[in-house]
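Here is a sequence together with a model predicted from it:
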Amino acid sequence: MPLIIYEAGQMKPDVKAELMRRLTDVAVEVTGISKALFFVSVHELPDSDIAVGGVTVTELKAQLAAERGG
């Protein structure tokens, strides 16, 4: 049984559901394996646990908010 693992930051429930549905649909289309056999696991990470260029997403969001005057 195929397993798709997707790691990302926090998502709204409707976005996560759509992502899981579409990942499954594309995998079925590409592989020809039955949809009923696919597992999709979404691992949501807190912003403090993700860094880009050594800067946490928490810090990046704060920087963007400050630049936008927020």
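Thanks, I have it.

And the strands in this protein?
3-8, 39-44, 51-52, 55-56 (DSSP state E).

Contact partners for the nearest residue to K61 once chain neighbours are set aside?
With sequence-adjacent residues excluded and distances taken as CB to CB, 6 or more residues apart in numbering, K61 is closest to D47, at 6.6 Å. (Glycine included, C-beta is placed from N, CA and C.) Residues in contact with D47 (CB atoms under 8 Å, 6 or more residues apart in numbering) are 9-10, 56-58, 61.

With neighbour count, distance to F38 and pLDDT added, can I get those in CSV?
Output for those, formatted as CSV (neighbours: other CB atoms under 10 Å; distance: CB to CB, whole Å; pLDDT from 0 to 100):
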residue, neighbour count, distance to F38, pLDDT
G9, 12, 23, 93
Q10, 12, 24, 93
T56, 15, 32, 97
V57, 17, 29, 96
T58, 14, 33, 96
K61, 12, 33, 94
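
The residue nearest to K61 and V26: what is the separation?
27 Å (CB to CB, to the nearest Å).

residues in contact with the residue most central in space within the chain?
In the chain, the C-alpha nearest the mean C-alpha coordinate belongs to A8, at 3.7 Å (CA atoms, centre = their mean). A8 makes contacts with 42-45, as judged by CB under 8 Å, 6+ apart.

Roughly how far does F38 sit from V26?
Distance of F38 to V26, given as CB to CB: 10 Å.

Looking at these two now, which is surrounded by more residues?
Between F38 and V26, F38 has the larger neighbour count (other CB atoms under 10 Å), namely 18 against 11.

Wait, that one touches A27, no?
Yes - taking CB atoms under 8 Å as the definition, F38 is a contact partner of A27 at 5.7 Å.

one step back: quick check, nearest of the contacts of A8 to A66?
Set against A66, the nearest of the contacts of A8 by CB to CB is L45 (23.2 Å).
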